[in-house]
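Engineer: output the structure for:
(3 chains)
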Amino acid sequence: MDQAPVLVSALLAGAVGFLLLMAAASMLALFKGASELRHFLRSNSTDYSQVLLGSPMVYGVSVLAVVRDAAPPTRERIRRLLALHCPQHELVLVLEGLSDAARDQWVEDFHLTPVKLEATGGGPAPARYVSSEPAHLTVVEKAREKQNDPYNAALTAARYPVLALVDARVEFIPDLLLHLMRPLLEDWEHVAAVCASALPPPSQGLAARIGALEMLRRWLVRGAAFASWGKLMPIPGSCVLVKRSAVEAAGGFGRGVRQLFRQIYRTKQKLVFLPAPVSWSRAPGSFADLRDHLRYDQAQLAGGPILFSVRLLRPLIESSALLLAAASLYLGWIHPGLAALVLLASVGTGIALSVAAVVLRELADPGTRDPGYVTRLFLTAIPENLGYRQLRNLFLIAGFLRG
Amino acid sequence: MAGEPILVVDDTPVNLKLTRILLLNEGYKVLTAASAEEALDLLRGYRPQLILADIQLPGIDGLEMTRRIKGDPSTNEIIVVALTAFAMKGDEQKAIEAGCDAYITKPIDTRTLGHRIRELLDSRGDGHDPAPSQADGVQSEVISPPELAALRRRFLEEGQEKARELLLDLDGQFSPNDAARVVHQWTGTGGLLGYTAISRLAHEVEVLLQERPLDAAQVRESLTNLVLAFTSPREARDVPVPEIIVKSLAGKSIGSVGLPPLETQRLQIALDRVDARHLPFDPASAPAADALGSCDLLVVYVGFEGTGGPWLDKSSPALRHPLVLMGTRDDLLSLDPSIQSAAREFLMDAWQPDEALVRLSLAIGAAPGERSTTRLSAIEGRPRVLLADDDATVTSLVCMTLENFGMQCESVSDGRAALEAIRLAKPHAAVVDVNMPGIDGYEVLTSIRAENLPTRVLLLTARQQESDVIRGFALGADDYVVKPFSPMELVARLKRLLVR
Amino acid sequence: MTSHAGLAPAVAALWACASLIAVCVLFFSLLLIRQLARGKALRRASTRSEAVRPALREALFRILAGSPDESEIRRHLENHREDVAETLLSFHGTVSGGARDRLCRLALDLGLVHEWCHDGGSRDLIRRRSAMGRLAFVCAYEPCRRAIGDLLTRSLNDSDEEIRLASARGLVLSQAATDLEDVFLMALGPNRFARAVLAEDLRRQSAALCADVVPEVLKSGQAEYVKATLEMLAAWDRAVPLDELQPLIEHADRDIRIAALRLAPLCALNQDSRAAIVRAAAASGDSESSSLAGIAAERLNIRLKEKQ
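Structural biologist: Numbering: from 1, shown residues only, chains lettered A, B, ... in the order given. A predicted model of the protein is given here:
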């Protein structure tokens, strides 16, 4: 019986140590990311988009997109993808799991004509359409099957040596492809892909600000910092330009974008992160949106030690430590100080990291945001870590166990 | 020394002709036969040293022909080279078994054909060198007029028939690979025979046939266009230079004075495309009126010294002749104004053949059949100019410049507004950017000409669209300026338009 | 019962942790206040700029339209030097010829060019980049070139890629023959982006480059340089004074053959080259090459001519 308090104390001490270590590592990554961002923003790079727009030396781009409905916003988004600026580009659109009515809506709206296909072996060939509109649009229709199959179907129909993946939740500027193309052209031999992401514009509401804090930390750490260390991870709401040869070498899109990134690194090729405001996520409008964002992000990061430690181990240890500390305090097994330490290691470090992210971003890019908004964001670190964080941990654990 | 005699046997007339030309070029003596029967007939009185034969022939096939040749003691010494299709496995083995000495897989690599034939002949110890090229360079493309006409006729007939067959086959037994091989022949041959549209359409079809999965609708459409092109090659003929410019310059003599070699080359390229003659004059010698009489237009280069020597002297008869001045912007601007005003057009800086054609045709006074012929009556008051551009910097700058030079300027930022404004106000001139949202500058121009609106149009084009200058003039533009531009140059061009 | 043996270290650790976190939060709070104050100052400066720039643009429009009055520009020079520079440079890409010369002369008279030359030697990378970009714009004007001296030529060897590119663009505008060759050779390097940008700038100098350096590179035998050169020549889409393309049309490297055939319609070719096009058109080994040859044959008026 006397062993229990000692054991619990030791466990809690270990948990505290782990959490502090994770916090220190995160803080280091935040500083690195902010330094990279500051360097990029200050570099005063000239915009050569208009020159590239008229150059025959720019590689053609196949933009791959997958849709699962025929709602007006979806169709409008496809029109905007067709209007992207690029000397040569096409849009390969996959209609996945659509009803006949929804498919007919696409056919009518984009003046699609069905074409006969040769079966290439192993099952029926997906139905395919071409558009009679001036912009080059190819449409492939298929049933919903494995997760990344539609992208493989799009890859088969694509004709250019460079592929673009524009996340469905992303807003973008018309010159997106030209900005993404530059790092690829600068070092075609060694750069396999370019990933662009910027922070969403400010929006109202607690959920939006909590989402902004999450995106900010993710952007600085997984984007800027990890890219500088050669470990760029997919960021939800980013656009990727990737060489077709790199995708084919990785065996297609079958195993997800993260595996594609890993494969690129394995072949000693580079992945460039572009923190320029050429594409950004829409800010979450509610806590349900926040949950969806988390779920989406979780799916992108399947597998890997970083995911394991950040997305499972830390939430697990943190949640367990808080519960254990609360129970042990109630049972009188531990000193209140130790319980407070656990709380500090969890909540306190979380607040420190969130405020650090806000301030470091301001240091990197001063004067571009409304001071009132920045202050509100700074203060949102408190409710974010007192309540939301704990629920988020439980959600992450449950999501991981579900697979 | 005479070249070795070679017999070519192929049932495709155009392939036969082309192979013959290639071998003639290599210095061989070449006879042709369109079938095995014809070849065997020829061999009664003719002994080639080598026979190049397609093994897939109508009637007696190439293998049977080879067996008969090798079985006859009087002909079994002749080297027989089989032409086999690459997709047909086993063809090579069959050819060897029939007695062929060698085989060449189709498609033939024309760069190495001569060398291959040489090797085979040398291996027999018949080391005659092929006839040397003619002293003036082998005109490998020279054939007699009847042969050329027959070749063209056969090309069109064969092409039309085959293209129709392919169209019909699309709904049934269609092999993209076989079709691609057939179509492929037309790309190169069409260009050589002058049927560019057929050459380009054939290339399009071939690319489509190689795509997987096959885009049948597009193939059908392109094949239909190809059939039409074979049926009416004149209508399908792709003349990059607009007819109006060709008509104005074809058969004309264009004199030139003092052009540096590069400019001479560029001018020659331009004149070749419209079948105009180039008459170079000696810049040092004084211009003679009768010599000038032999040319319809004179192009004088304004060189480093700033003048064209005796040709641009104020008393020179050249100044009274239709004249185009060529040179750098600085040299042209430093000319005496009286000499400048004598010129009908200018070719400035790094002009291109397309631009030269346009300016020469304007200078020579081409009948503006498709342009507005409405003469501008003498302009009363300030000339009214409409500016259509979506770039605020350009509109502000140009409007202010035009106002400073006594013109009244109204600006709009898109094509639709430009058309409405022109219909309403009927300005004397319009400066139209070709890249505008919605309706672009070309569409605006087309509408202006279609409605016979009496407005001169000057196009503003982006640098990368210089090659579209011809397109603009074909649609009826009166002049153009390339961005980035000098506002003064724009004003100067507008003034010339308004007084033309 | 709690273990008192572990109490002291736990309390100590608690205080240490709490202190560390408190210091962190306090530090970032103070930093935030400082940044917000700085941001406010920057926004005030930006507001002042936005207020003055329309007036500067109007003044420049008048100057470019022919007015000799520079008083408005000079009036703002002392307090809005950077805005004057930015407004001058905003006309890059819109005007050329005499109008551009006027802008360059104005930049020189206002002392901006000398300032940029000074910044061009700065150790601060950002300042140097900005200066080079601006100097590249004014290089088209002879007096500015004299003021700049050999700064741009030396900057071709700068460690920063962006500076090298800006210098190269400026040298192209200055049109000095030796510099043009250096820039052309730089454009043949592995950086395809630099080649795309410089190809556009070098277009107007195509004749000068085709006189010497282009034929030399084409004869060099170095496949990558030859391919890059042919690609640039085709991208220029201008008539080029090359009459000998036969070795390239029949080169062992397919990419070079294709590039040479794309270029062929832009050249006035000799007989050997024209014959090579005929052979390429009649060849059936490579569909892309034979169709490009067919198209070149038409453009160059190569026909199966009738005997006269």
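Engineer: quick one: neighbours of the closest residue to B:Ala356 other than its chain neighbours, just the number.
Structural biologist: When the adjacent residues along the chain are set aside, B:Ala356 lies closest to B:Ala270, with 4.4 Å between them (C-beta to C-beta, 6 or more residues apart in numbering or on different chains). (Each C-beta comes from the backbone N, C-alpha and C, glycine too.) Number of residues near B:Ala270 (other C-beta atoms under 10 Å in any protein chain shown) recorded here: 25.
Engineer: check contacts around B:Ala270.
Structural biologist: The neighbours of B:Ala270, taking C-beta atoms under 8 Å, 6 or more residues apart in numbering or on different chains as the test, are B:353-354, B:356-357, B:360.
Engineer: tell me which element it falls in.
Structural biologist: Under DSSP states H and E, the secondary-structure element containing B:Ala270 is helix B:261-273.
Engineer: in chain A, which spans are strands?
Structural biologist: In chain order, chain A shows strands spanning A:61-67, A:89-96, A:112-115, A:127-131, A:137-142, A:162-166, A:170-172, A:191-196, A:239-243, A:270-274, A:279-281, with DSSP state E as the criterion.
Engineer: can I see the domain layout of the chain?
Structural biologist: Went with chain A since none was named. Per the record's domain assignment (automatic domain parsing), chain A is made up of the domains A:3-38+A:295-402, A:60-281.
Engineer: let's do chain C instead
Structural biologist: C:49-174, C:242-308.
Engineer: ok, the longest one near chain A or not?
Structural biologist: Yes: against chain A, domain C:49-174 shows contacts by C-beta under 8 Å from any C-beta of the partner chain at C:93, C:125-126, C:129-130, C:133, C:161-162, C:166.
Engineer: tell me if that domain is near chain B.
Structural biologist: Yes: under the criterion of C-beta under 8 Å from any C-beta, domain C:49-174 makes contact with chain B via C:57-58, C:61-62, C:64-67, C:90-100.
Engineer: could you pull up phi and psi at whatever residue of the stretch 151-300 of chain C ends up closest to chain A?
Structural biologist: Taking C-beta to the nearest C-beta as the measure, the point where the stretch 151-300 of chain C comes nearest chain A is C:Phe193, at 3.7 Å. Torsion angles at C:Phe193 (phi, psi; degrees, to the nearest 10) stand at phi -70, psi -50.
Engineer: wait, it touches A:Arg182, no?
Structural biologist: Yes: using C-beta atoms under 8 Å, C:Phe193 is in contact with A:Arg182, at 5.5 Å.
Engineer: want to throw the contacts of B:Ala270 into CSV with neighbour count and secondary structure?
Structural biologist: Converted to CSV, these look like this (neighbours: other C-beta atoms under 10 Å in any protein chain shown; DSSP: H, G, I helix; E, B strand; the rest coil):
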residue, neighbour count, secondary structure
B:Pro353, 22, helix
B:Asp354, 23, helix
B:Ala356, 23, helix
B:Leu357, 27, helix
B:Leu360, 28, helix
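Engineer: right, and the helix or strand after the helix or strand harbouring B:Leu332?
Structural biologist: Per DSSP H and E, B:Leu332 falls inside helix B:329-333. The helix or strand immediately downstream of helix B:329-333 is helix B:337-342, counting by DSSP H and E.
Engineer: can you tell me what sits against that next one?
Structural biologist: Looking at what lies outside helix B:337-342 - C-beta under 8 Å, 6+ apart - the contacts are B:307, B:312, B:314, B:319-320, B:323, B:325, B:332.
Engineer: circling back to that earlier point, now do the helix holding B:Leu332, average pLDDT.
Structural biologist: Helix B:329-333 shows an average pLDDT of 71 in the prediction.
Engineer: least confident secondary structure element in the chain?
Structural biologist: Using chain A. Taking mean pLDDT, DSSP states H and E as the measure, the helices and strands of chain A show their lowest mean at helix A:305-307, namely a mean of 68.
Engineer: my bad, the chain I had in mind was chain C
Structural biologist: Across helices and strands of chain C (mean pLDDT, DSSP H and E), lowest is helix C:287-299: a mean of 77.
Engineer: CA atoms of that helix as PDB?
Structural biologist: What follows is the C-alpha trace of helix C:287-299 in PDB, where atoms were taken according to Å, rounded to 0.1, in the frame of the first residue of the first chain:
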ATOM      1  CA  SER C 287       7.000  10.800 -85.600                       C
ATOM      2  CA  GLU C 288       7.600  14.000 -83.700                       C
ATOM      3  CA  SER C 289      10.800  14.800 -85.600                       C
ATOM      4  CA  SER C 290       9.300  14.000 -89.000                       C
ATOM      5  CA  SER C 291       6.300  16.200 -88.500                       C
ATOM      6  CA  LEU C 292       8.400  19.100 -87.200                       C
ATOM      7  CA  ALA C 293      10.500  18.700 -90.300                       C
ATOM      8  CA  GLY C 294       7.400  18.700 -92.500                       C
ATOM      9  CA  ILE C 295       6.300  21.900 -90.900                       C
ATOM     10  CA  ALA C 296       9.800  23.400 -91.200                       C
ATOM     11  CA  ALA C 297       9.800  22.400 -94.900                       C
ATOM     12  CA  GLU C 298       6.600  24.300 -95.500                       C
ATOM     13  CA  ARG C 299       7.700  27.400 -93.600                       C
END
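Engineer: so which residues on the stretch 301-403 of chain A come close to chain C?
Structural biologist: Contact residues (C-beta under 8 Å from any C-beta) of the stretch 301-403 of chain A with chain C: A:332-335, A:337-338, A:340-341, A:344-345, A:348-349, A:351-352, A:355-356, A:358-359, A:362-363, A:366-369, A:371, A:374-375, A:378.
Engineer: and if we set it to 7 Å?
Structural biologist: Taking C-beta under 7 Å from any C-beta of the partner chain as the contact definition, the stretch 301-403 of chain A meets chain C at A:332-335, A:337-338, A:340-341, A:344-345, A:348-349, A:351-352, A:355-356, A:359, A:362-363, A:366-367, A:371, A:374, A:378.
Engineer: what subset of those residues is buried?
Structural biologist: Neighbour-count burial (16 or more other C-beta atoms under 10 Å in any protein chain shown) applied to those gives A:333-335, A:337-338, A:340-341, A:344-345, A:348-349, A:351-352, A:355-356, A:359, A:362-363, A:366-367, A:371, A:374, A:378.
Engineer: return the subset of the residues you listed lying in helices.
Structural biologist: A:337-338, A:340-341, A:349, A:351-352, A:355-356, A:359, A:362-363, A:371, A:374, A:378 (DSSP state H).
Engineer: picking up where we left off before, which one of the contacts of helix B:337-342 is nearest to chain A?
Structural biologist: The closest of those, once distances to chain A are taken by C-beta to the nearest C-beta, is B:Leu332, at 27.5 Å.
Engineer: for PyMOL, write the selection for the buried entries among the contacts of helix B:337-342.
Structural biologist: Applied in PyMOL, the following selects the buried portion of the contacts of helix B:337-342 according to 16+ other C-beta under 10 Å:
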select buried, chain B and resi 307+312+319+323+325+332
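Engineer: what two of the contacts of helix B:337-342 are the furthest from one another?
Structural biologist: Farthest pair in the contacts of helix B:337-342 (C-beta to C-beta) is B:Arg320 and B:Leu332. Separation: 19.5 Å.
Engineer: what's the weakest-modelled helix or strand in chain B?
Structural biologist: Where chain B is concerned, the least confident helix or strand, going by mean pLDDT, DSSP H and E, is helix B:233-236, with a mean of 47.
Engineer: point out where the stretch 101-250 of chain C drops to low pLDDT.
Structural biologist: Applying pLDDT under 70 to the stretch 101-250 of chain C flags residues C:177.
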